[in-house]
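>>> Build me a model from this:
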Amino acid sequence: MDNAEAASSTGDTNGEDEAENREDPLDSGDVLRRLAGLFGSAGIDTGDMFVQGQNATGNGALAIGTVNIGAATEAVEGRRVWSETLSEATVLDLVKSYAPAGSDQQIDHSLKQRNLVCLSGPAGSGRFTSAVVASARRHGANGVNVIGVQQFTDLFQTKLVQKRGCGYVLRLTDDDVRNLDGYALLGLAARAVAHGMTLLLVGDFSRRVQELAGHVVEHRPAPAGEVFRARLRRELAGRCVGFCADGCTAVCVEKYVDECASHPLLSGYLAGEPRPREVVPVVEAIAQSVPRARSLSERLAQLLPRQLRERAAHILDPQADDGASVGWSVEQVRAFRLSCVVLAGLTPAEIRLAADRLVTRDEPTQPVPVRLRGATLDDLLGPTLRAVVVTPDEDWTTGGARLQFVPGSEQLRLAVLDVAWTDWWAPRALLDWLADLIRGDQPDVRQAAAAAIGWSAGRDVYAALDTVRDLARERLASVRQAAAIVLVAIAMQPRLRQRVRVELDGWATGPAHLRDTVARAHELGLARLWPDAALTQLRLVASGRMQRWHNSVVRGLIEVYQGGHGAALLPALAQWTVDPSREVRLHAARALRTLAERWARPPRGHWPELLELARRGVVSPDDLATLWATALSLPETAYRAWRALGFWVNRADGQPEVAAHVLALLRLVLAGRPPLRRRLDHQLRHVWRPVMPGCVLLDDIENLIAEDAR
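Got it, this is the predicted structure:
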C-alpha cells in the first residue's frame, strides 16, 4: 500500500499535502551498501542477544551473525543491561585471524585460578578480542557471551540470565574503572562462582593495578607485524593469489604475505607498532585487490595513516593559483574538493552547487556557470584527488557524468573529512552545511549528506545527534527519511550503537515526527540490528494517527521478517491485533497483507511463504489465522487481503498438500467468527467462482463454510 492508497483507505488526508508526504524510494540494502562506501568495512550485523530492561541497549562493538531475541520486560529503575551470545562461526573466525598475545598464557592461568579477571590495556590494543578468544579457549567457541551495561552498578541489580559453564566479557569505560572498588569486585566474583561462569572485565586498569592486585592481567598485544600477517592470512584464506598452475596449495598466500610484510613502506609502518585497530583496515584494503610491486607501493602510499593524512591535508590546502582558470578563490576550490568527497558519485554540477552553499552560507550569491570537465576539472581537483576520481567516458556522452572514487579509496575519503573537521571548518559550520543539503531537493545529495553527518558522530556524537534531532522534527517526509539514514550511519559505528539505541527509545514515545523517524530508521536497516527493539518501538510508533498515512512501520516489520525473525514477528503481530489502538491493529493487518504476497523459494515455490513456515512449525497456525482474520475484517485492508487469499486458493488448486493446509487455515480463521463466514460465502459465490470457474478447491471451501455454519 503506497501513501496515496493509505490515505484513500480512510477517506482523509489529515491535512497533509503531497509535498509533505513525498519521500524517496529507498531500499535498506541499497542504503547500507552506500553507507559502506563511506565507512569501509563497517556494517550492520548482529549476534544472539538477551535483553533486559524497557530501554535495553544495543550490541556493542562486536556484532556478527544471526539474532534470536529473548525480549524481557523487567527494568531496573530505567537502567539498561544486555547480553549477547556470539555465534560459534563468529568466534572461530576471530580465533583464526588472531595473533597470539604475550599475555594469553597469563590470562589462561588466571581463569583457571579464579572466575573473575580484569584484562587491562589501552583502547584499540586488541584487548577485547583477546578477552573473547581467551573465553573461547576456556569454554569453547559456542560458550562466549558479551555483556553490556549503561551503568556498572546495573550488574548488581539485574537478574540477568547467565548460562552456567560459559564465559562473559564486559567492556568497562574509564568511569566504570574509576568507580570499581574491591568490594564490588568481590561481589561480581561471588556471582560468577555461584553461576559457574567466568567473567572478564576489559578496560584500562593501569592506575588501579595495586588496588586490585591479583585480579588484573596486563594485556601485551602481539607485535604489529604478527597481527598483520595473521589477519592477512585469514583474509586470503581459500584464495589463489599466485596463478598456481597445478592446483593451489596456499603456498602462494604465504609468499604474498611475506612480500607485503617486507615492503619498505609497510615494514617501517609496522615497526612503529601501530595498534591492532589501526592495522586491520590496512589489511582489509590490501586483501581487496591483492596489489603487487609498484601497485603495492601505490596502494600503501594511499593507505598508511601518516601518508594518508598528508595526502588529505594536501587535497584541502590548494595552491594559490588552483582555480585561477575559472576565477575561483582558494576557499571555493577547497569547498569543491570537500564536496567531491561528501557527494562521491554525483555530477560536477551538483557538487559545485553544494560547494557554493558551503562558501556562501552567510552571503548567498548566484554561482557563475562553469563547464566542469577536462583540464578545468583536473585543475579544480588537483593531482592528488584526481588520481582517485574517475569519470566513465560514456557518462560524458550521455550527459550524466558522475565523479566516482576508485574502489579502495574509502580511507582517503575519511581522512579528507577528518582534516576538514579538524583543520578548516568549525564542526558546527560543517553540520549546518550538511543539514542544509539535506533540506534541499536532490535525493542523492540528501543521502550523501546524511551519511557524512553519520560519520561526524565518530568525532562528536552529541553534536551529530542534535543535528539529526532537528532534522527528525521537520515537516517534510523526505527530510525525516534522511534523518533516519543518519541514525543508520551512526549505528554502523559499533561504539556508538548504544547511544543511538538510547536515543530511539526516547523518540519512540515522543512527538509524531520523531516517532515517524524511528520507524524510518528501522525500515532502512536498524531492524536488522535490533529486531527486538524494532518490534517494541514500532508498536509505539504505530499507535500514532500520523502513521495511517505512512508505511514505514510496515516496512520496518518486513525488515524484521526478512532478517529471519518470522518466528518472533508473527506472535508479536498477533498481539497487535488485540491492541486497544485501532491504528496498531491496522498496521498488523497491513503487514499480513504484504507478507501474504511472498512465495517460498524453489523447489517449494508453489507454497505461500507464510503457509510453508506454518507447515514447518516455524510460526503458529493460530497466530497466522488471527492475522488473516484481522486483515480480512478491517475495511482498510479487506479488499487487498481477500484478493491475496483468493490467489492462495488459486495456486493451491491441484496441489493436495497445499490445499489441505489452506483449508486448515481457513477453518481456524472462521472458528468463532460468523461475520467472516458470511463474508467468505459471499466472496466464494460472487467473486471467486466467476474468476476461477474450474477451481475444485472452491467446492471444499463451500463444504467448509457449511460445516462451520452448523
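>>> pretty sure V541 belongs to a strand, no?
No - with DSSP: H, G, I helix; E, B strand; the rest coil as the criterion, V541 is located in helix rather than a strand.
>>> What is the burial count for it?
31 (other Cβ atoms under 10 Å). In short, each C-beta sits where N, CA and C put it, glycine included.
>>> what's in contact with the biggest helix by length in the chain?
Secondary structure assigned by DSSP state H gives helix 635-652 as the longest helix of the chain. The contact list for helix 635-652 (Cβ atoms under 8 Å, 6 or more residues apart in numbering) reads 1, 9-10, 586, 589-590, 592-593, 596-597, 606, 608, 611, 628, 630-632, 658-659, 661-662, 683, 687-688, 691-692, 695, 697-698, 701.
>>> next structured bit after that helix?
helix 656-670 (DSSP states H and E).
>>> Summarise which helices and strands that following helix is packed against.
Secondary-structure packing of helix 656-670 (3 or more Cβ pairs under 8 Å, 6 or more residues apart in numbering; DSSP states H and E): helix 609-615, helix 621-633, helix 635-652, helix 674-683, helix 697-709.
>>> Which strands or helices does the first one pack on?
By that I understand helix 609-615. Against helix 609-615 (3+ Cβ pairs under 8 Å, 6+ apart) you get helix 566-576, helix 621-633, helix 656-670.
>>> now do the fourth one
The contact analysis (3+ Cβ pairs under 8 Å, 6+ apart) places helix 674-683 against helix 621-633, helix 656-670, helix 697-709.
>>> ranking those helices by burial, who's on top?
Most buried of the helices and strands packed on helix 674-683 by mean neighbour count (mean count of other Cβ atoms under 10 Å) is helix 621-633; its value is a mean of 22.
>>> that older thread, any idea which of the helices and strands packed on helix 609-615 gets closest to D444?
With Cβ to Cβ, the closest approach to D444 among the helices and strands packed on helix 609-615 belongs to helix 566-576: 32.3 Å.
>>> CA atoms of that closest one as CSV?
The C-alpha coordinates for helix 566-576 follow below in CSV (Å, rounded to 0.1, in the frame of the first residue of the first chain):
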residue,chain,number,x,y,z
GLY,A,566,9.4,-14.6,11.3
ALA,A,567,9.1,-16.8,14.4
ALA,A,568,9.3,-13.7,16.6
LEU,A,569,7.3,-11.4,14.3
LEU,A,570,4.1,-13.4,13.8
PRO,A,571,3.4,-13.8,17.6
ALA,A,572,4.1,-10.1,18.1
LEU,A,573,1.7,-9.1,15.3
ALA,A,574,-0.9,-11.4,16.7
GLN,A,575,-0.7,-9.5,19.9
TRP,A,576,-1.0,-6.2,17.9
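>>> quick one: contacts of it?
Under Cβ under 8 Å, 6+ apart, the answer for helix 566-576 is 68-69, 531-532, 535, 539, 542, 557, 560-561, 584-585, 587-588, 591-592, 610, 613, 618-620, 622-624, 626-627.
>>> does V146 sit in a helix or strand, and which one?
strand 144-149.
>>> chain center to that strand: distance?
19 Å (Cα atoms, centre = their mean, to the nearest Å).
>>> Partner strands of that strand, with direction?
Applying DSSP bridges, strand 144-149 is found paired with strand 81-85 (antiparallel), strand 167-171 (parallel).
>>> Name the next helix or strand following the first one along the chain.
Note on strand 81-85: by DSSP H and E, the next helix or strand toward the C-terminus is helix 88-96.
>>> That following helix packs against which elements?
helix 127-139.
>>> for the helix it packs on, packing partners?
helix 88-96, helix 104-113, strand 116-120, strand 144-149, strand 167-171, strand 198-203.
>>> try it again with 10 Å
Under the contact definition 3 or more Cβ pairs under 10 Å, 6 or more residues apart in numbering; DSSP states H and E, helix 127-139 sits against helix 88-96, helix 104-113, strand 116-120, strand 144-149, strand 167-171, strand 198-203, strand 216-218, helix 276-289.
>>> could I get those as TSV with mean neighbour count, distance to R127 and mean pLDDT?
As requested, the helices and strands packed on helix 127-139 are arranged in TSV below (neighbours: other Cβ atoms under 10 Å; distance: least, Cβ to Cβ, whole Å; pLDDT from 0 to 100):
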stretch	mean neighbour count	distance to R127	mean pLDDT
helix 88-96	17	13	85
helix 104-113	15	10	91
strand 116-120	24	6	91
strand 144-149	25	13	82
strand 167-171	24	9	89
strand 198-203	26	5	91
strand 216-218	20	10	89
helix 276-289	19	9	83
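>>> Now render the ones you listed as a markdown table, adding distance to V669.
Output for the helices and strands packed on helix 127-139, formatted as a markdown table (distance: least, Cβ to Cβ, whole Å):
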| stretch | distance to V669 |
| --- | --- |
| helix 88-96 | 40 |
| helix 104-113 | 56 |
| strand 116-120 | 55 |
| strand 144-149 | 42 |
| strand 167-171 | 46 |
| strand 198-203 | 50 |
| strand 216-218 | 61 |
| helix 276-289 | 52 |
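>>> Enumerate every residue touching V419.
L308, R309, E310, R311, A312, A313, H314, I315, L316, D317, L338, V341 (Cβ atoms under 10 Å, 6 or more residues apart in numbering).
>>> What distance do you get for it to V691?
65 Å (Cβ to Cβ, to the nearest Å).
>>> And R309, by the same measure?
68 Å.
>>> More neighbours: these two, which one.
Higher neighbour count among R309 and V691: R309, with 15 against 10, using other Cβ under 10 Å.
>>> Pretty sure L417 is one of the things the more buried one touches, is it not?
No - using Cβ atoms under 10 Å, R309 is not in contact with L417, being 11.9 Å away.
>>> nearest to H550, of the strands paired with strand 144-149?
Nearest of the strands paired with strand 144-149 (Cβ to Cβ): strand 81-85, 29.5 Å.
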